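Engineer: Return atomic coordinates for the entry below.
(2 chains)
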Amino acid sequence: KNEVEQSPQNLTAQEGEFITINCSYSVGISALHWLQQHPGGGIVSLFMLSSGKKKHGRLIATINIQEKHSSLHITASHPRDSAVYICAGRPGAGSYQLTFGKGTKLSVIP
Amino acid sequence: DAGVTQSPTHLIKTRGQQVTLRCSPKSGHDTVSWYQQALGQGPQFIFQYYEEEERQRGNFPDRFSGHQFPNYSSELNVNALLLGDSALYLCASSLTGKNTIYFGEGSWLTVV
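Structural biologist: Residues are numbered from 1 along each chain as shown, chains lettered A, B, ... in the order given. Here you go, the predicted model:
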């Protein structure tokens, strides 16, 4: 079992739909990153959060440290949101390596 | 600001050969991490360099080695290439004490 699990693995949505991607982790972390990866391979960091909720444009990320769960929401989805979304846990003090989920492939259809 | 730059973007090597991948961190960043991403998988941590020293290492064999230069740029070397080393190799930079991380576009390595 992976230390960081994402669901769903694949997601197809119609343009305009509200999208939720979930991330659960079994390891202790100090913070969690949400990342976006386009087909070319480059990764962009969307959020880094250690508690509560963050919002940037149409993207919202939440985390519940006690339940070891985080969600990424996309409101009013658009075809340009099509990408792989990856969550990654940042360990606590003394360790520097991120532990990544396998990613959720999102396709938004016009 | 050029962000994190990696080279080469694509390369093909033969089993048993050696490869060197290069990474220039974002301006002002002093820490470089390397990741391997196999097709359909999430990235796996290889190692991290800070102040020209390997600070932490993931579960990768000694065939994988690295270096960081005084200007903070870094190299990833892989010896005795195996078919299973075919992957996207990602470099990420950050500033010690800060949580923000920036990734490069990656180097696609194919071993035939």
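
Engineer: For chain A, which residues are neighbours of chain B?
Structural biologist: By Cβ under 8 Å from any Cβ of the partner chain, the residues of chain A that approach chain B are A:4, A:31, A:33, A:35, A:40-45, A:48, A:86, A:88, A:90, A:95-103. C-beta coordinates here come from the backbone N, C-alpha and C atoms, glycine included.

Engineer: one more time with 10 Å
Structural biologist: By Cβ under 10 Å from any Cβ of the partner chain, the residues of chain A that approach chain B are A:2, A:4, A:6, A:9, A:30-31, A:33, A:35, A:37-38, A:40-45, A:48-50, A:84, A:86-88, A:90-91, A:94-103, A:105.

Engineer: List only those of the residues you listed flagged as buried.
Structural biologist: A:4, A:6, A:31, A:33, A:35, A:37, A:41-43, A:45, A:48-49, A:84, A:86-88, A:90-91, A:95-103, A:105 (16 or more other Cβ atoms under 10 Å in any protein chain shown).

Engineer: out of those residues, which are inside strands?
Structural biologist: Counting by DSSP state E, the part of those found in strands is A:4, A:6, A:31, A:33, A:35, A:37, A:43, A:45, A:48-49, A:84, A:86-88, A:90, A:99-100, A:105.

Engineer: For the residue sitting nearest the centre point of chain B, give me its contacts.
Structural biologist: Geometric centre of chain B, nearest residue: B:Trp34, 3.4 Å, by Cα atoms, centre = their mean. B:Trp34 makes contacts with B:6, B:21, B:23, B:43-49, B:58, B:60, B:64, B:66, B:74-76, B:89-92, as judged by Cβ atoms under 10 Å, 6 or more residues apart in numbering or on different chains.
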